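Participant: Sequence plus predicted model, see below.
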Protein chains: 2
Amino acid sequence: MDLYKQLLTYNIKPSIQRVAIMNYLLTHRTHPSADEIFLKLNKSMPTLSKTTVYNTLKLFAEHGAALMLTIDEKNVCFDGDTSPHAHFLCKKCGKIYDLPMASSAKEVMEMKSDGHLITEVHNYYKGICKNCLKDINID
Amino acid sequence: MDLYKQLLTYNIKPSIQRVAIMNYLLTHRTHPSADEIFLKLNKSMPTLSKTTVYNTLKLFAEHGAALMLTIDEKNVCFDGDTSPHAHFLCKKCGKIYDLPMASSAKEVMEMKSDGHLITEVHNYYKGICKNCLKDINID
DNA sequence: GTGCTTGCAAATCGTTTGCAATAGC
DNA sequence: GCTATTGCAAACGATTTGCAAGCAC
């Protein structure tokens, strides 16, 4: 399995659980919370514990294998896509969408960092998504 | 008192508690959490309740009188400065600093919003602040 | 005196911790 | 066998809720 190697490149020892969680992240680009991942995977892996999901996601984030998003004030969410991109949270339906990151956002910010060492860039946008806008217009 | 009028411009009925909390936000630009505000104000207002602090901050955020920041995964923080600017969280000392927002970040993003209606822009940066960097270099 | 605001106590819920059982080299 | 990983149950802590008392116009 390919995910095995991929975890190793991040210096993460692969285990059944870790591979399953990474696989979930990469095949479900919905920016799930730890609880969502647990609930879904628990169906096919009944012995999986919530603790392991939390431990694993934290490990992934620390090793750069996943992004930890704090866009939603209720839950921390996770993203298996670590390439630079922005996120949009719909305040109506709660979905998180990917958006392209403003092209030079990273470079511009390094100039404006005021002497701080920046290691993470998070661009969050909030509002009403196009699907919810549609529903509102119909009303 | 000036804050009285200011709250009214946001359609917020001023009360002793609300004025005190807004005053704290405007005189302490440290991006405090609800709990921090409560602990500080409680000294001079012993009857103030934590519930009121939470209610008030939520009200402020809904009326655009303050920003609700989710940069820190532990606590929601609040900012009385509602002008467009970015935030930097130091992973070592936990302090949140203000940074100028990349000049055209807002405009660029409206072009790239993919049909969603954007009402809030949050630019978060994380890393090590210049003061903590200094300490590390001395070691 | 009606409606909004406050404040207390309890509940909620996402997340973390302690620790024993287990798996992998 | 030793070390890292897992999983359960309990703890934790930030935030919310229910509701009664207080305040303002």
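Facilitator: Sure thing, it's come through. Residues are numbered from 1 along each chain as shown, chains lettered A, B, ... in the order given.
Participant: Which elements pack onto the longest strand that chain A contains?
Facilitator: Criterion DSSP state E: the longest strand present in chain A is strand A:117-128. If you count contacts as 3 or more C-beta pairs under 8 Å, 6 or more residues apart in numbering or on different chains; DSSP states H and E, strand A:117-128 packs onto strand A:85-90, helix A:105-111, helix B:105-111, strand B:117-128. (C-beta placed from N, C-alpha, C; glycine too.)
Participant: how about the helices in chain A?
Facilitator: A:2-9, A:16-27, A:34-44, A:50-62, A:105-111, A:130-138 (DSSP state H).
Participant: Going by mean pLDDT, which of the ones you listed comes out lowest?
Facilitator: Mean pLDDT is lowest for helix A:105-111 among these, at a mean of 58.
Participant: roughly how far apart are the closest residue to residue A:123 other than its chain neighbours and residue B:36?
Facilitator: Using C-beta to C-beta, 6 or more residues apart in numbering or on different chains and skipping the chain neighbours, the partner closest in space to residue A:123 is residue A:86 (3.8 Å). According to C-beta to C-beta, to the nearest Å, residue A:86 and residue B:36 sit 29 Å apart.
Participant: between these two, which one's more packed in?
Facilitator: residue A:86 (24 against 17; other C-beta atoms under 10 Å in any protein chain shown).
Participant: Need the residue closest to the centroid of chain A.
Facilitator: By C-alpha atoms, centre = their mean, the mean C-alpha position of chain A lies nearest to residue A:79, the distance being 1.9 Å.
Participant: Quick check: bridge partners of that residue?
Facilitator: Beta bridges link residue A:79 to residue A:67, judged by DSSP bridges.
Participant: quick one: it and residue A:98, what's the gap?
Facilitator: Distance, residue A:79 to residue A:98, using C-beta to C-beta: 8 Å.
Participant: any residues in contact with both of the two?
Facilitator: Both residue A:79 and residue A:98 are contacted by A:29, A:87, under the criterion C-beta atoms under 8 Å, 6 or more residues apart in numbering or on different chains.
Participant: The closest residue to residue A:84 other than its chain neighbours: neighbour count?
Facilitator: Take residue A:84 and drop its neighbours on the chain: the residue closest to it by C-beta to C-beta, 6+ apart is residue A:101, 4.9 Å away. Using other C-beta under 10 Å, residue A:101 has 19 other residues around it.
Participant: Look up how far residue A:87 lies from residue A:101.
Facilitator: 9 Å.
Participant: What lies in contact with stretch A:49-66?
Facilitator: A:6-7, A:10-12, A:17-18, A:21-22, A:25, A:34-35, A:37-38, A:41, A:67-68, A:78-80, A:82.
Participant: residues touching the residue in chain A positioned nearest to DNA strand C, list them.
Facilitator: Here chain A gets closest to DNA strand C at one residue, residue A:76, 3.6 Å apart by C-beta to the nearest atom of the strand. Contacts of residue A:76 were listed using C-beta under 8 Å, 6+ apart, and they are A:33, A:34, A:68, A:69, A:70, B:73.
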